[in-house]
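Engineer: With the sequence up front, the predicted model follows.
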Amino acid sequence: METVVRVRCRDCDLAETYDSLRRARTAVADHERTAGHLVDWDIERLAAGVERAGDDAGVCGRDGCENPDSPLLDFGSDTE
């Protein structure tokens, strides 16, 4: 599954689809900065690895949602 992010400007005809969160965020920030417009964006789908990282990190906002066994949350070991 690929990432799909749709970006639409409230103030002009800007409407784009991106396959990367980074590219979508950059486009939103650039348009808001240069045009002074408000831009809406919808994340329709995320790549499987991004979804897993979010799930493992507990991005749902509730305490205890993170996966403590995930290698994605290994911020360093005691031997460092």
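Structural biologist: Cool, the structure landed.

Engineer: Tell me how many other residues crowd Val28.
Structural biologist: Using other CB atoms under 10 Å, Val28 is surrounded by 21 other residues. To be clear about C-beta, it is placed using only N, CA and C from the backbone, and glycine gets the same treatment.

Engineer: State the helix or strand in which it lies.
Structural biologist: For Val28, the host element (DSSP states H and E) is helix 21-35.

Engineer: how about the spatially most central residue of the chain, what does it touch?
Structural biologist: In the chain, the centroid-proximal residue (CA atoms, centre = their mean) is Leu21; its distance is 4.9 Å. By CB atoms under 8 Å, 6 or more residues apart in numbering, Leu21 lies in contact with Thr3, Val5, Ile43, Leu46, Val50.

Engineer: Closest to Thr34 out of the residues you listed?
Structural biologist: Using CB to CB, the shortest approach to Thr34 within these belongs to Val5, at 19.3 Å.

Engineer: now the closest one, nearest residue through space, not along the chain?
Structural biologist: Counting by CB to CB, 6 or more residues apart in numbering, Val5 lies nearest to Ala24, which is 3.8 Å off, once chain neighbours are set aside.

Engineer: hang on, isn't the one you found packed against Val7?
Structural biologist: Yes: between Ala24 and Val7 there is a contact under CB atoms under 8 Å: 5.7 Å.
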